[in-house]
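*Asks:* Output the structure for:
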Amino acid sequence: MSRCRWIIDREVPGGRYLVPGCWSRAVYGDNAECHCKGGAQTTAERLEGKIDKLIARMDRLEAGREALRQEKGGNE
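*Replies:* Coordinates of the predicted model:
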């Protein structure tokens, strides 16, 4: 199953409904605790975490590249 998510639909009472992604919510309903991978973390939050990791990796690569440039410049 995929991650639980809310679908916006103005034609249903309350304006939205839950599409369960885990068995807990499929069996016990909207108020059950979500057991999806990542739990209560939203897609945006997961993406922000991945972006932060990529930025940190780019910073490390740039620092390594700069160190190589300085090393190469010092040996000539």
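*Asks:* By mean pLDDT, flag the weakest helix or strand of this structure.
*Replies:* Here the helix or strand of the chain ranked lowest by mean pLDDT, DSSP states H and E is helix 23-28, holding a mean of 78.
*Asks:* buried sites along that helix?
*Replies:* In terms of neighbour count (16 or more other C-beta atoms under 10 Å), helix 23-28 has its buried residues at Arg25. Every C-beta, even on glycine, is put in place using the N, C-alpha and C of the backbone.
*Asks:* Please state the offset of it from the chain centre?
*Replies:* Chain-centre distance of helix 23-28: 23 Å, with C-alpha atoms, centre = their mean, to the nearest Å.
*Asks:* can you give me the offset of the helix or strand following that helix from its chain's centre?
*Replies:* Next along the chain after helix 23-28, taking DSSP states H and E as the criterion, comes helix 43-75. Relative to the centre of its chain, helix 43-75 is centred 20 Å away, using C-alpha atoms, centre = their mean.
*Asks:* Give me the mean pLDDT for helix 43-75.
*Replies:* For helix 43-75, mean pLDDT is 88.
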